[in-house]
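# the sequence and its predicted three-dimensional model are supplied below.
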Amino acid sequence: MADATSIVLGTAPRLRATFRNADGDLFDPSVVRFKVKGPDATIETFVYGVDLDVVRLSVGAYERKYLPATAGEYCWRAECEGDDWGASEGEIDVDGGCFA
């Protein structure tokens, strides 16, 4: 995994991805998806242009704020489709905190 983050339950980390073509130039894919797999192995999918919480920050840069519902280990993936393909992944370790 390329990115690992530890947070306390109630925090919404920003999942960020950038997409580059074969020449190394940033580009906007035709489809951008963020997937989050929770501690119970349920996978949620969020698509740019469909889900308002997936935003384009600039050419080739996208973000999705995600609020985990429970403590545990989460994995996320950002992927694209189009003339060029790309993906990035990360992990989020959610601690229940001392008030959970």
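Happy to help now that I have it. Numbering: from 1, shown residues only.

# bridged to the most centrally placed residue in the chain, which residues?
Per C-alpha atoms, centre = their mean, the C-alpha nearest to the average position across the chain is that of residue 15, at 3.9 Å. Per DSSP bridges, the residues bridged to residue 15 are residue 64.

# how about the contacts made by it?
34, 36, 63-66, 76, 78, 90 (C-beta atoms under 8 Å, 6 or more residues apart in numbering). For the C-beta atoms, the positions are set from N, CA and C on the backbone; glycine is no exception.

# show me where this protein has strands.
Per DSSP state E, the chain carries strands over the ranges 3-8, 14-18, 31-37, 43-47, 54-58, 61-65, 72-81, 86-95.

# worst-scoring helix or strand of this protein, pLDDT-wise?
strand 3-8 (a mean of 84; mean pLDDT, DSSP states H and E).

# give the pairing partners of it; include direction for each.
Here, using DSSP bridges, strand 3-8 pairs with strand 86-95 (parallel).

# buried stuff in the strand it pairs with?
86, 88, 90, 92, 94 (16 or more other C-beta atoms under 10 Å).

# would you turn these into TSV with pLDDT and distance to residue 41?
TSV is the format used below for the buried residues of strand 86-95 (pLDDT from 0 to 100; distance: C-beta to C-beta, whole Å):
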residue	pLDDT	distance to residue 41
86	83	25
88	91	21
90	94	17
92	95	15
94	95	15
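
# mind putting those residues into JSON lines with distance to residue 55?
JSON lines is the format used below for those (distance: C-beta to C-beta, whole Å):
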{"residue": "86", "distance to residue 55": "18"}
{"residue": "88", "distance to residue 55": "16"}
{"residue": "90", "distance to residue 55": "17"}
{"residue": "92", "distance to residue 55": "19"}
{"residue": "94", "distance to residue 55": "22"}
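
# tell me the one among these nearest to residue 11.
residue 94 (8.0 Å; C-beta to C-beta).

# so that closest one bridges to which residues?
residue 7, residue 72.

# that one and residue 35: what is the separation?
Per C-beta to C-beta, to the nearest Å, residue 94 is found 17 Å from residue 35.

# for residue 98, same thing?
31 Å.

# same check on residue 58?
22 Å.
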